[in-house]
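Undergrad: pasting the sequence and the predicted model now:
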Amino acid sequence: HHQLFEHINNYNETMIRLNLYFLFSVMLLPISIQFLFTPNEPMRFQLLCYFFNLSFTIFTYGLLIRYIFSKKNNFSSIKDKQKIDKLKMNSLRQFSVFFIATILIALKFDLFYISFLIYPAQRIYMKVKNRLAKRKEPLQQN
C-alpha cells in the first residue's frame, strides 16, 4: 500500500473511498486474528471469519490497484505496462486463493488447504509448458 501510494500524483473521491474500504478491512485483521485464537469457539467458524477478512482485504486492494491503473485515470507515475499487469495478476491470484479457501471452509472444511496448492501448481505448469515450448523451437526451425 505504501509503495503503491508513493507513486500517486492525482486522486479523486472514488479512489479515496476505495482506499478507505481497504484500510477498514486492514483494521479488522487484528479482530479476526484475535477471534482465530479464542478458545472454546468452533474452529470452522474461526477460520471462516479469518479467511473472509483476508479475502475482503485482498479484494479491496485489488479494486484499488485496478482503479488507480485504469486507462481512464492518470493517478500513478508508474507507466510500465508489464509491471502494472503483474500487480493486477498477483492481486487476482491472491484473492482467488483466499476466496477459494473461504468457500472450502464453509463447504468442506477438511479440504480448505487445497486452495494454497493452486498457485504453486500453476507456476509448475507454466515452467513445464515453457520448457516444452523451448524444446520444440529448434525442431521447428529445421
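TA: Noted; the coordinates are in hand.
Undergrad: in terms of secondary structure, what does the helix or strand harbouring residue 122 contact?
TA: Per DSSP states H and E: residue 122 is located in helix 115-141. Helices and strands touching helix 115-141, by 3 or more CB pairs under 8 Å, 6 or more residues apart in numbering; DSSP states H and E, are helix 81-107. For every residue, glycine as well, the C-beta is placed using N, CA and C.
Undergrad: how much does the helix it packs on deviate in direction from helix 115-141?
TA: Interaxial angle, helix 81-107 versus helix 115-141 (axes from the mean of the first three to the mean of the last three CA atoms, to 10 degrees): 140 degrees.
Undergrad: give the buried residues for helix 81-107.
TA: Neighbour-count burial for helix 81-107 flags 84, 87, 91, 93-105 (criterion: 16 or more other CB atoms under 10 Å).
Undergrad: state the pair within those residues that is farthest apart.
TA: Within these, two members stand farthest from each other by CB to CB: 84 and 105, at 32.2 Å.
Undergrad: now do the SS call for residue 10.
TA: When classified by DSSP: H, G, I helix; E, B strand; the rest coil, residue 10 comes out as coil.
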